[in-house]
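[1] Fold the stuff below for me.
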Amino acid sequence: MKMTLHHINLSTENVERLDRFYRDVMGLSEESGGLPTLEKRQGYAGDVAFVTDGAIQMHLAQKDIHAGFNSGQTVNPVSRGHIAYRTDDIDAFKAHLDAQGIPYSDWGNQAVEGWHQIFFYDPDGNVIEVHEVRE
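    Numbering: from 1, shown residues only. I've put the predicted structure just below:
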């Protein structure tokens, strides 16, 4: 199973301000390719801006401390943000987490159309996303 860093998600109260910062100060550009289609009626309806350095995306998401509750999930990926990895075999990775005794929230494609996403915590409480693109 292959794993690659895909994006870093930062949660914010002001998406426009954070977007401007990462474009104007950090010199990142608007991401236009490979963007997810957000499912705004399934638990998270916040605004999101997408910027990139040309290799890695940043998803600048409106903070929503209730997204986990609203979607029936334990792990909330937009309360503090998360790092995300893309895999070519989400089922094998879930089996790996099960074998390691690491619990996770299986969001399926609840937040992003065509992406099967799971979220879990590292030992310090940082949220990690692993997703597989499914057509």
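
[2] For residue 18, which three-state class applies?
    Secondary structure, DSSP: H, G, I helix; E, B strand; the rest coil: residue 18 is helix.

[3] which non-adjacent residue is nearest residue 7?
    Sequence neighbours aside, residue 57 is the residue nearest to residue 7 in space, at 3.9 Å (criterion: C-beta to C-beta, 6 or more residues apart in numbering). For the C-beta atoms, the positions are set from N, CA and C on the backbone; glycine is no exception.

[4] That neighbour: what's it in contact with?
    Residue 57 makes contacts with 6-8, 31, 34, 50-51, as judged by C-beta atoms under 8 Å, 6 or more residues apart in numbering.

[5] Please tell me the pLDDT value assigned to it.
    Residue 57 carries a pLDDT value of 91.

[6] before we move on, what about the one 4 residues further on?
    The predicted local confidence for residue 61 comes out at a pLDDT of 89.

[7] Wait, it touches residue 14, no?
    No: under the criterion of C-beta atoms under 8 Å, residue 61 makes no contact with residue 14, lying 11.4 Å away.

[8] bridging residues for the residue nearest to residue 134 when sequence neighbours are not counted?
    Leaving aside its chain neighbours, residue 134 sits nearest to residue 116 (5.4 Å; criterion: C-beta to C-beta, 6+ apart). Assessed by DSSP bridges, residue 116 has beta-bridge partners residue 132.

[9] Make 483 the starting number, not 1.
    Happy to do that; since the first residue is 483 now, the last one works out to residue 598.

[10] burial of residue 598, as a residue count?
    19 (other C-beta atoms under 10 Å).

[11] what's the helix or strand for residue 578?
    If you go by DSSP states H and E, residue 578 is part of helix 572-582.
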